[in-house]
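Sharing a sequence plus its predicted fold:
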Amino acid sequence: MSRDDGPLRVVVAGTAFGRIYLDAVRASAGAFTLTGVLAKGSDFSRRLAEREGVPLYTAPEQVPDSTDIVCVVVRSGATGGPGSELARAFLRRGMHVLQEHPVHADEIVENLRAARDGDAAYAVDTLYPDLAPVRAFLAAAATLRARGPLRFLDAACNSQVAHPLLDVLGRAVGGPRPWAFGACHEPDAALAAAAHGPQPFRTLHAVLGGVPATLRVQNQVHPDDPDNHSFLLHRIALGTDAGVLTLADTHGPVLWNPRLHAPRDATGRLVLAGPGTERLAAASTTRLHRAAGSYHEVFAQLWPQAVLSALHRLREAAAAPARRAAAGQWALTVARCWTQLTARLGMPELIRPPEPPVVTADELARASAGSPPGGGAPAGTADPAAAPRRPAAAGPRGGREG
């Protein structure tokens, strides 16, 4: 069912996040054409299908055999939905399937078996590795791997997007094996008593691809609004002997901080300028890739472009069956890694916070521009600038040298 003579016919199952897939197909410049929407039949789904000018199917058996690809954007069994059952039904009919994450490892095994039975291509779409800023981060990480060993990973995420985080981290280190996850401890009682509120993050040490890692996961979810209330999606720092590569946010920017290192003179003092300090002329922080301009841009451009990249890979696997095994093995490996991480984290804490306040960047920029030298002192505290100054202790780390 892999045709080279025209656009592949695509049906999208699911009309919540499935709308991003619809946008991706529409932006494919003729590589794919939308031929139907599969949903439960709500008024919203009917209007959406009408807007796209395609039929609305309300049962998988209604999807025509002429369909080339089905995008299954329905919750899988890992999150209590029938997504994998749908995927297997289409795979056995010889239709290629792109399934939205997360998908449990056991489900992937069954889906790959159904794909072999139907001679079809199957892939799990973790979305975020195909975002332009993440691709830039991964390309820079590959260059760093070629230059020397990776020393550490420091990553944070919300538990809702831990599955794609592990996909990104696995790619950043050149493959997730070997991996291991340490115990995830509850916050210390004394710290909890001193805090103004509950600790939202759980921390655990890990190893990914042999690289030491520290993971901080906001293991919280609003049961009635699970797609909101994350403090962040992903934040990753990759350390090397040369410096630290940072993905400041899932949607950028990507930053490079060369490692601070200065020579010493004959007296043992750091040499801060002049001959031999050429490496200190490098920018302390360089932006390698910009951040998305707005969340409107994220939803309208970055995410559909990422889905489109996954669709093109699926098309290549459809045309070249030899490529399918590697993609399936990667998806299975990431899913097994994710299963072990979630077992360490345990069930997420249920939270019901209100809608977050809006603080504009302009407001913060004005405050930053008006900050006094030295940053001033918090209200109600003494200003250290007004206190008598004592000589700083000499030392190689942080303190001034005499």
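It's in. Small disclaimer: the values here were computed from a predicted structure and weren't measured.

tell me which residues of stretch 42-61 are tucked away?
Judged by neighbour count using 16 or more other C-beta atoms under 10 Å, the buried positions of stretch 42-61 are Ser45, Leu48, Ala49, Glu52, Val54, Leu56, Tyr57, Pro60. Glycine gets a C-beta too; all of them are placed from N, C-alpha and C.

separation between the closest residue to the fifth one other than its chain neighbours and Leu245?
What it means is Val54. Closest residue to Val54 apart from its sequence neighbours, by C-beta to C-beta, 6 or more residues apart in numbering: Gly36 at 5.0 Å. For Gly36, the distance to Leu245 equals 43 Å [C-beta to C-beta, to the nearest Å].

These two: which is more packed in?
Between Gly36 and Leu245, counting by other C-beta atoms under 10 Å, Leu245 is the more crowded of the two (23 against 20).

ok, the strand or helix carrying Gly239: who's next to it in the sheet?
Following DSSP states H and E, one finds Gly239 within strand 234-240. Paired neighbours of strand 234-240 in the sheet (DSSP bridges): strand 150-158 (antiparallel), strand 243-247 (antiparallel).

Just the helices from this structure, written as ranges.
18-26, 43-52, 83-92, 105-118, 132-147, 162-172, 189-194, 295-297, 303-319, 324-345, 361-369 (DSSP state H).

picking that back up, with distance to Arg171 and mean pLDDT as added columns, please give the strands paired with strand 234-240 in JSON lines.
Converted to JSON lines, the strands paired with strand 234-240 look like this (distance: least, C-beta to C-beta, whole Å; pLDDT from 0 to 100):
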{"stretch": "strand 150-158", "distance to Arg171": "12", "mean pLDDT": "99"}
{"stretch": "strand 243-247", "distance to Arg171": "12", "mean pLDDT": "99"}
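
Comparing those, which comes out most buried?
strand 243-247 (a mean of 22; mean count of other C-beta atoms under 10 Å).

mind checking how far that one is from the chain centre?
Distance of strand 243-247 from its chain centroid, counting by C-alpha atoms, centre = their mean, to the nearest Å, is 15 Å.

What angle do helix 132-147 and that strand make with each other?
When axes from the mean of the first three to the mean of the last three C-alpha atoms, to 10 degrees is applied, the directions of strand 243-247 and helix 132-147 differ by 160 degrees.

Return strand 243-247 as CSV; C-alpha atoms alone will do.
Written as CSV, here are the backbone C-alpha positions of strand 243-247 (Å, rounded to 0.1, in the frame of the first residue of the first chain):
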residue,chain,number,x,y,z
GLY,A,243,30.9,23.1,28.4
VAL,A,244,27.1,22.7,28.9
LEU,A,245,24.5,22.5,26.2
THR,A,246,21.1,23.5,27.3
LEU,A,247,17.6,23.1,25.9
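
How about the contacts made by the residue lying closest to Ala136 once chain neighbours are set aside?
Nearest non-adjacent residue to Ala136, counting by C-beta to C-beta, 6+ apart: His289, 3.7 Å away. Counting by C-beta atoms under 8 Å, 6 or more residues apart in numbering, His289 makes contact with Ala132, Pro133, Ala136, Phe137, Gly252, Pro253, Val254.

Val161 and Val168: what is the separation?
10 Å.

Oh, that last question was meant for Arg145, not what I typed.
14 Å.

repeat for Pro357
30 Å.

same question, Gln340
Taking C-beta to C-beta, one finds Gln340 at 17 Å from Val168.

of those two, who's got more company?
Comparing Gln340 with Val168 by other C-beta under 10 Å, the one with more neighbours is Val168, at 25 against 15.

was I right about the more buried one contacting Arg135?
No - taking C-beta atoms under 8 Å as the definition, Val168 is not a contact partner of Arg135, at 10.1 Å.
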